[in-house]
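1. sequence unavailable; structure follows:
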């Protein structure tokens, strides 16, 4: 049951990445944009911990590379680095108030936005045999603080939604499995 | 102690995965993974279509609401433009008729019309809008790699780069790897249009002696057999010298908004 749901979730998130993200971007500007796959990976780490999810994250990265036509390995690096970053942040600052959790997720989202931008730039350099300096100049020309803030806010909203969904679905599945177990044994 | 061990284990997992991924990037086994990609795109395709169409609808509603204030002004400008275009159209229709007669008189064969197949856009590059789009037809209707894709208005969009069983990926004209022979309409100024990191297009290799100006309309020249002539590429926004100062170059504005594109046309038979 859990495996089927995980598979469906990956399919949904990757489909939405190619369908929704391009449409919420501003025309002819962006290199900084939210990434649903990264948010999903971060949500998995926040909900279940790094040690239980790192293998799943590698699979998601691999599937994303195939589906999004990026160089094989680039999404794996991006997801695992963001997952590790999220894990360090969540463990380094134990917070009890909700507002601080939101601040932490916003900080994480900023990290995700910058990491995603860098990864896509590197992809562009490798794929197009472009000169790295040219790409950096072009990126700086196109990107501004407003873009980064916009992408960070969207990433925060997406990540928080994914965290809530992942936690609730997990609680529901645990309850469901326990009920089935009790019925089997009685 | 235990916490320290877990922390170092996490770090070592991250470093090892990154190292293996870097090696994979260097190896780049894209070709080997084609069967996996075919299976995956077939599964993703219906879900992508639902997401893309519904997001586009929401986006157009939002656009109408946000642009409601400027609609009256925009309407007046468009009315003026339509009136001008009607006059231009009538003039061109006369010229076309004249052209047909002249071709018949000197024995030239009439140009064949373009045959194109309508396809739906179901996805786009998530990080850089101008790199590629995904269309909902592929091997199932015999779409071939390198086939030219245009919009309903006759704007050149790009070439089919990869064909899957039920979908295909189109490399847009703004992709860095895209190059197409171009000409300025009505001026016979020739050059090449290249993509600029999925963001814009550049008209380059134009001779210094040519009179290239802002507002000039650039169309495909049809120099090679693949691309038909006369497909609109864009209008000149800014004219400048090339880096080596040997040629003129210009930035082009595309006439099509990729984020609003629902239907595209794959050219199956080209002009001769």
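-> Sure, I can see it. Values in this document were obtained by computation on a predicted structure and should not be read as measured data.

2. and residue B:179, how many residues sit next to it?
-> 13 (other C-beta atoms under 10 Å in any protein chain shown). Where C-beta positions appear, they are placed from N, C-alpha and C, glycine not excepted.

3. now do residue A:137
-> Residue A:137: 11 neighbours (other C-beta under 10 Å).

4. quick check: it is in a strand.
-> No: according to DSSP: H, G, I helix; E, B strand; the rest coil, residue A:137 belongs to no strand; its state is helix.

5. now do it against chain B, distance only.
-> 10 Å (C-beta to the nearest C-beta, to the nearest Å).

6. again with residue A:110
-> 17 Å.

7. with adjacent residues omitted, what lies nearest to that residue?
-> residue A:152 (4.8 Å; C-beta to C-beta, 6 or more residues apart in numbering or on different chains).

8. which secondary structure element contains that neighbour?
-> helix A:145-185 (DSSP states H and E).

9. same for that helix, what does it pack against?
-> If contacts are counted by 3 or more C-beta pairs under 8 Å, 6 or more residues apart in numbering or on different chains; DSSP states H and E, helix A:145-185 sits against helix A:2-19, helix A:36-48, helix A:98-128.

10. one more time with 7 Å
-> helix A:36-48, helix A:98-128 (3 or more C-beta pairs under 7 Å, 6 or more residues apart in numbering or on different chains; DSSP states H and E).

11. between helix A:36-48 and the longest one, find me the angle.
-> Taking axes from the mean of the first three to the mean of the last three C-alpha atoms, to 10 degrees, one finds helix A:98-128 and helix A:36-48 inclined to each other by 140 degrees.

12. pull out the buried residues from helix A:98-128.
-> Going by neighbour count (16 or more other C-beta atoms under 10 Å in any protein chain shown), the buried part of helix A:98-128 is A:101, A:104-113, A:115-117, A:119-128.

13. wait, doesn't the residue nearest to residue A:110 sit right on residue A:112?
-> No: if you go by C-beta atoms under 7 Å, residue A:152 and residue A:112 don't touch, sitting 8.3 Å apart.

14. point out where the chain drops to low pLDDT.
-> Picking chain A for this. Counting by pLDDT under 70, chain A contains low-confidence ranges at A:25-32, A:94-95, A:127-132, A:134-136, A:138-143, A:186.

15. um, chain B though
-> For chain B, the stretches with pLDDT under 70 are B:1-3, B:30, B:108-113, B:126-130, B:197-199, B:224-225, B:269-272.

16. ok, now with 50
-> Along chain B, the model assigns pLDDT under 50 to residues B:271-272.

17. and the helices in chain B?
-> Secondary structure of chain B, counting by DSSP state H: helices at B:2-27, B:34-66, B:71-105.

18. returning to that earlier point: measure how the helix holding residue A:152 sits relative to helix A:98-128, angle-wise.
-> Using the same axes, to 10 degrees: helix A:145-185 against helix A:98-128 is 110 degrees.

19. helix A:145-185: how far from the chain's middle?
-> 13 Å (C-alpha atoms, centre = their mean, to the nearest Å).

20. and if you look at stretch B:48-66?
-> 20 Å.

21. list the buried residues in it.
-> For stretch B:48-66, using 16+ other C-beta under 10 Å, the buried residues are B:48-49, B:51-52, B:55-56.

22. residue nearest the centroid of chain A?
-> Centroid-nearest residue in chain A, with C-alpha atoms, centre = their mean: residue A:38, separated by 1.4 Å.

23. that one and residue A:80 touch, don't they?
-> No: look at residue A:38 against residue A:80 with C-beta under 7 Å: they stay out of range, at 10.7 Å.

24. how far away is the residue nearest to residue A:110 from chain B?
-> 16 Å.

25. ok, now which ones touch that residue?
-> If a contact means C-beta atoms under 7 Å, 6 or more residues apart in numbering or on different chains, then residue A:152 has A:106, A:109-110, A:113 as its contacts.

26. same thing with residue B:181?
-> B:192, B:220-221, B:223-224, B:227.

27. that one and residue B:217: what is the separation?
-> 15 Å (C-beta to C-beta, to the nearest Å).

28. equivalent analysis for residue B:245, please.
-> Distance from residue B:245 to residue B:217, by C-beta to C-beta: 26 Å.

29. how many other residues sit next to residue B:115?
-> 12.

30. what's the local residue count around residue B:43?
-> Counted with other C-beta under 10 Å, residue B:43 comes out at 14.

31. can you tell me the closest non-neighbouring residue to it?
-> residue A:11 is the one closest to residue B:43 (C-beta to C-beta, 6+ apart), at 6.3 Å.

32. tell me, how many residues neighbour that neighbour?
-> Count around residue A:11 with other C-beta under 10 Å applied: 17.

33. next: residue A:165.
-> 14.

34. ok, so what distance separates the nearest residue to it once chain neighbours are set aside from residue B:18?
-> The shortest distance from residue A:165 to any residue other than its chain neighbours is 7.5 Å, reached at residue A:43 (C-beta to C-beta, 6+ apart). Counting by C-beta to C-beta, the separation of residue A:43 from residue B:18 is 21 Å.

35. if anything else comes up later, I'll come back, but that's it for now.
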